[in-house]
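S.K.: Predicted structure and sequence below. I'll ask about it afterward.
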Amino acid sequence: MQYRRISADCHLDMIWLPPDLFTSQAPRDLKARMPYIADGPNGKEWVANNGASFGLVGGVGSAGAQYVPGKQHRADRMNETGLYEAGKRGERRPGDPDLRAAELDKDGVDAEVIYGVLAAAAKLSDAEASYEMLRIYNDFIIDFCKKYPERMIGLACLPFGDVEAAAKEVRRVAKLGVKGVELSCSWNMQPMWHPSWNPLWEAINETQLPLHFHTFPSVDPKARAGVVGEDLLALRYSSICLFQMTLGAILTSLMGAAVFERFPHFRVVFGESGIGWIPYLLDRMDYEYQDQYRDI
């Protein structure tokens, strides 16, 4: 296939997944802890029994917000295609491979990389249930992409907070034919220069799967709670200005720990990361190395 235009940062969010995906695939003792769809005040909504909400079915963006005309230009353009009304009727254009392929054709996109549901799994606040949710999603996205393997590259989502579990999942999905994996980032995880990450780096090196990191907010969501008025405006301004620079901490940690040298088949991808900060960061790393470590 001749590729002219490839989207390197597409998504398949919870709000477009099959309604019974998680409850039908989870073992009996975990079914009650899985996300499901319930009727809410604004329509059908993805929820969980722990009180988490994942957004309206067929809603706007990854959060599944209610569509409000004139609030966001991109949402208005998608509404013009009938996307949101179709979603309410159960037509999952992004979540059905044939319908998704038709959308790619409309946009003139030959192929895409598809990020998954890592942030949604974190909302369960239940490690066992989150891991099972990700396992189910990974099996789903691998099968999903088999219909158009030259056009759809779905990433498997790795469990966060447990390096050994993440390494195990890398090896499992590699055997199923996945073409890449993604790892979530949080504000309380071990920095990636720490040797506790080595089992995951070994699995990535062994399977030679690209490891993806997607940019994430520069402010812990817990710090946003209760912030209102002008303070909220200041928080949003600061957060969005630094939004894509958060991945610099990962890059410098990997470089500082010599991960690329110790694991020669290790490849990393930074999604939605921008490029403006990378030249400065590389220059800074060279400067600090020469200034601080040349006599060691």
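M.R.: Happy to help now that I have it. Residues are numbered from 1 along each chain as shown.

S.K.: Figure out how far the one helix or strand Glu112 maps to is from the centre of its chain.
M.R.: Glu112 is part of strand 111-115 when elements are defined by DSSP states H and E. On the basis of C-alpha atoms, centre = their mean, to the nearest Å, strand 111-115 sits 11 Å off its chain's mean C-alpha point.

S.K.: Direction included, what does it pair against?
M.R.: The strands that strand 111-115 pairs with in its sheet are strand 6-11 (parallel), strand 152-154 (parallel) (by DSSP bridges).

S.K.: any chance of the ones you listed in a markdown table, with distance to Met192 and mean neighbour count too?
M.R.: All C-beta atoms are positioned from the backbone trio N, CA, C, and that covers glycine. A markdown table is the format used below for those (distance: least, C-beta to C-beta, whole Å; neighbours: other C-beta atoms under 10 Å):
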| stretch | distance to Met192 | mean neighbour count |
| --- | --- | --- |
| strand 6-11 | 21 | 16 |
| strand 152-154 | 24 | 23 |
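
S.K.: Rounded mean pLDDT for whichever strand or helix holds Tyr237, please.
M.R.: With secondary structure defined by DSSP H and E, Tyr237 is part of helix 229-242. Confidence for helix 229-242, expressed as mean pLDDT, is 86.

S.K.: Can you give the contact residues for it?
M.R.: The set of residues that contact helix 229-242 without belonging to it, under C-beta atoms under 8 Å, 6 or more residues apart in numbering, is Pro217, Ser218, Val219, Ala223, Arg224, Val227.

S.K.: switch to 6 Å and redo it
M.R.: With C-beta atoms under 6 Å, 6 or more residues apart in numbering as the test, helix 229-242 has contacts from Pro217, Ser218, Val219, Val227.

S.K.: end to end, how far does stretch 240-250 reach?
M.R.: 18 Å (C-alpha to C-alpha, to the nearest Å).
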